[in-house]
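# the sequence isn't on hand, but the structure is:
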Ligand SMILES: NC(=O)C1=CN([C@@H]2O[C@H](COP(=O)(O)OP(=O)(O)OC[C@H]3O[C@@H](n4cnc5c(N)ncnc54)[C@H](O)[C@@H]3O)[C@@H](O)[C@H]2O)C=CC1
Ligand SMILES: [Mg+2]
């Protein structure tokens, strides 16, 4: 069946082509910081720090009433830590995220050992659960915070070597950990996940897990098994979850997703024959799966905030920065074009 699949690759813009100026030097700078502890320690002194408390990012409200992640100056963080009784070594546990367009190194730091309210007061912000943050932040900021949280989580859960049981030690950037006994090097891990928007040419297929917020539906997704290609994983997941065989696949885009423990989401569109759309939903995986018309999707894309308790249920979709939202939006645009 796979050999008859049509796989279409879409031309996706490389981040470098969006803003050419300085991209190469910034990427080389970040790479140097990962490899050279002394340079990274120096960059930390002049860097920006995104604070987390037990993996929840610190957000500040802007004058316009929107939210942004607090990007604090390193020396300010040091002063705050000292005022709150930390011995000062905590700052060195910061993990490198990236480099801003202003050429400032960006780090994340979890201050979970300090009193949450005291830090919030000092920083004039609030630590907000990451999932909630995703509904409050803009498209550019959410991935940065997600990346920071994923790196911090990896460090917090990788203190010991899985082969020797001995402690591992990180480099200054936090881009790797090394077993103190065997020297085995560990790098941050992601699990590949395929996410697919299936269409029958007129409607698209969305499903919901019982753990989703009320009324929320998303594209079908599933972890890739060891040894599987993206296409094989996609066909298997669609078959397992809704009992359909896909006919063609086209790649859309990818995304790092911090839940449940760092996934690498590979987003695709797929089609099924209009003559073969009868769903056989596996209810151990999905609470429900349904075909939605362009009209239903268009109005769901307009829903900006989830319905409150007591309000009638409406269809709503994952937040803007979720790749599921992108796939659904892409489908709606193409569908409108083909129907006009
Ligand atoms: N960014 C986005 O737009 C969206 C992201 N997602 C993410 O995709 C992920 C996968 O979707 P699901 O339907 O839950 O996957 P799934 O259909 O593969 O089912 C999850 C089950 O797969 C098993 N599994 C196999 N390998 C695993 C691994 N490496 N890590 C964890 N569990 C593994 C576990 O038994 C787990 O309960 C979700 O965790 C979710 O966070 C899902 C929808 C939208
Ligand atoms: Mg699934």
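Arrived safely, thanks for sending. These numbers were taken from a predicted model, which means no experiment stands behind them. Ligands and ions are numbered 1, 2, ... in the order given.

# ok, residue 91 - contacts?
When the contact criterion is Cβ atoms under 8 Å, 6 or more residues apart in numbering, the partners of residue 91 are 44, 49, 74, 77, 78, 81, 109. For glycine as for every other residue, the C-beta is placed from the backbone atoms N, C-alpha and C.

# not counting its neighbours along the chain, what's nearest the fifth one?
The one in question is residue 78. residue 91 (5.4 Å; Cβ to Cβ, 6 or more residues apart in numbering).

# before we move on, what about the third one?
Setting aside the residues directly before and after it, residue 74 is nearest to residue 47 in space (Cβ to Cβ, 6+ apart), at 5.2 Å.

# what about the one you found, how many residues close to it?
23 (other Cβ atoms under 10 Å).

# how close does it sit to residue 149?
According to Cβ to Cβ, to the nearest Å, residue 47 and residue 149 sit 18 Å apart.

# wait, doesn't residue 90 sit right on residue 111?
Yes. If you go by Cβ atoms under 8 Å, residue 90 and residue 111 touch, sitting 6.9 Å apart.

# common neighbours of those two, please.
With Cβ under 8 Å, 6+ apart as the test, residue 90 and residue 111 both reach residue 81.

# who has more neighbours out of those two?
residue 111 (25 against 18).

# check contacts around that one.
Counting by Cβ under 8 Å, 6+ apart, residue 111 has contacts 51, 52, 53, 81, 86, 90, 119.

# nearest to ligand 1, of the residues you listed?
Nearest to ligand 1 among these, counting by Cβ to the nearest ligand atom, is residue 52 at 19.0 Å.

# how far away is the nearest residue to the closest one once chain neighbours are set aside from residue 217?
In this structure, residue 52 finds its nearest non-sequential neighbour in residue 110, 4.6 Å apart by Cβ to Cβ, 6+ apart. According to Cβ to Cβ, residue 110 and residue 217 sit 33 Å apart.

# repeat for residue 333
In terms of Cβ to Cβ, residue 333 sits 19 Å off from residue 217.

# ok, back up a step: got JSON lines for the contacts of residue 111, with pLDDT and distance to ligand 1 too?
Below are these laid out as JSON lines (pLDDT from 0 to 100; distance: Cβ to the nearest ligand atom, whole Å):
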{"residue": "51", "pLDDT": "98", "distance to ligand 1": "24"}
{"residue": "52", "pLDDT": "98", "distance to ligand 1": "19"}
{"residue": "53", "pLDDT": "98", "distance to ligand 1": "22"}
{"residue": "81", "pLDDT": "94", "distance to ligand 1": "33"}
{"residue": "86", "pLDDT": "89", "distance to ligand 1": "33"}
{"residue": "90", "pLDDT": "95", "distance to ligand 1": "30"}
{"residue": "119", "pLDDT": "97", "distance to ligand 1": "28"}
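
# just the ones of the residues you listed in strands?
In strands, defined here by DSSP state E, the members of the contacts of residue 111 are 51, 52, 53.

# so which of these also contact ligand 2?
Restricting the ones in strands among the contacts of residue 111 to those touching ligand 2 (Cβ under 5 Å from the ion) yields no residues.

# out of these, which is most surrounded?
Highest neighbour count within the ones in strands among the contacts of residue 111: residue 51, with 28 neighbours (other Cβ under 10 Å).

# excluding sequence neighbours, find me the nearest residue to that one.
Looking at residue 51 with Cβ to Cβ, 6+ apart, the closest residue is residue 58, at 4.3 Å.

# in what helix or strand does the one you found lie?
strand 56-61 (DSSP states H and E).

# now that strand: buried residues?
56, 57, 58, 59 (16 or more other Cβ atoms under 10 Å).

# any idea how far whichever residue of the stretch 151-300 of the chain sits closest to ligand 2 is from ligand 1?
Residue of the stretch 151-300 of the chain nearest ligand 2, by Cβ to the ion: residue 222 (4.2 Å). According to Cβ to the nearest ligand atom, to the nearest Å, residue 222 stands 3 Å off from ligand 1.

# specify the beta-bridge partners of that residue.
For residue 222, the beta-bridge partners are residue 194 (DSSP bridges).

# count of residues packed around it?
So residue 222, with other Cβ under 10 Å, has 17 neighbours.

# also residue 336?
11.
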